[in-house]
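> Generate a structure from the sequence data that follows.
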Amino acid sequence: MGTFIGHVLPGCFFFLYGLWFLVRCSFICFYRRAGVDRSGSIRLWLPFRCCRRRRRSETESGLVRLSYEGLIVIACALIGFVGELATGNWQLYVVRESATHHPYVEYIHMNKFEHATMYAFFFLVGLVTVIDSMVSFQLQFPLGIDRVSFALAYAVEGLLFFYHLDGKSGLEVRVHVLLIYAIIGCVVATLLEIVFPTSLLCVTARSFCTVLQGSWFFQIAHVLYGSSPWEETSDNSRFVVMVFCWHIFGILVGSLVLFFSVSLVAMKCCSHRVDSRNEWSDRKLEEESLMLQLQQEDNSSV
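Below you'll find the model as predicted:
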């Protein structure tokens, strides 16, 4: 990851993944306000059907549901994992001899193995998400295991980047500390999702911090490995904090525009569904009021 591409690659993953969930949160928000969607907890995956099997009974669907997002996370994590270790020749240490001819172990490519460890935990997230979505195999996972795995992956990422700062320059330390703040936001929001699985605000907060991670990875690539890397000055160290605030402001404005745009699109494309739901609700209220009126007349006659 100590290259321009090494920071852009995870930046694309986090940015697109968080953006995808912001879009989903926008649609869920619209449907909930319209009274169409009254579902419970918000899933971290969308299913698709594959692996047609012979049915054993009338109730068995014969299809295995897998997770789109989980498979994409697995693929991205494998690409990052193999890319990091392949450029380091898969070698973690070498045995050298000291001046007194005593052998000792020297660890090499530490940055690459730290980043590979991060990718390995996100691979675990994708694997857990895929297995949790395979309902046809009667797998009984604890509720919220996907969010627990996500929180663990984010926490490990923050831990690795925290100790990644040893021996770094002041500007490099500053940009990575700001990245850790975004990671902490992801951890806190994901833990809150475990406690409040139906809260749209928690999912939106996690998605927001994930997009912030991705955009800040792009900024780190530009600051440290761009065509003209920033110089090590106190003004640049202060200015990069302001740039981080601009990222937060831009993502916040973009999220509001996204929610507004999705509401307009959903209102135009799904108006018939919303209208039918509202008509059904109105008829239900009329029936309940009529029943209540009849009960009151019966009571008065008695």
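
> going forward, measure contacts between C-alpha atoms and count neighbours the same way
Will do.

> May I see the buried residues of the helix or strand containing Ile79?
Take DSSP states H and E as the rule and Ile79 turns out to sit in helix 68-87. Counting neighbours by 16 or more other Cα atoms under 10 Å, one finds that the buried residues in helix 68-87 are 68-71, 73-74, 76-78, 80-81, 84-85.

> Could you identify the helix or strand that succeeds that helix?
Towards the C-terminus, the helix or strand next in line after helix 68-87, according to DSSP H and E, is strand 93-97.

> Show me the contact partners of that next one.
Outside strand 93-97, the residues that touch it by Cα atoms under 8 Å, 6 or more residues apart in numbering are 103-109.

> Can you check these and name whichever has the most neighbours?
Of those, His109 is surrounded by the most neighbours, 16 neighbours in total, counting by other Cα atoms under 10 Å.

> quick one: that residue and Gln91, what's the gap?
Remark: distance between His109 and Gln91 (Cα to Cα, to the nearest Å) = 7 Å.

> swap in Glu69?
In this view, Glu69 and Gln91 are 31 Å apart by Cα to Cα.

> Throw the contacts of strand 93-97 into a markdown table and include distance to Val177, pLDDT and secondary structure, thanks.
Listed next are those as a markdown table, based on distance: Cα to Cα, whole Å; pLDDT from 0 to 100; DSSP: H, G, I helix; E, B strand; the rest coil:
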| residue | distance to Val177 | pLDDT | secondary structure |
| --- | --- | --- | --- |
| Pro103 | 37 | 79 | strand |
| Tyr104 | 33 | 69 | strand |
| Val105 | 30 | 76 | strand |
| Glu106 | 27 | 74 | strand |
| Tyr107 | 25 | 73 | strand |
| Ile108 | 24 | 77 | coil |
| His109 | 22 | 74 | coil |
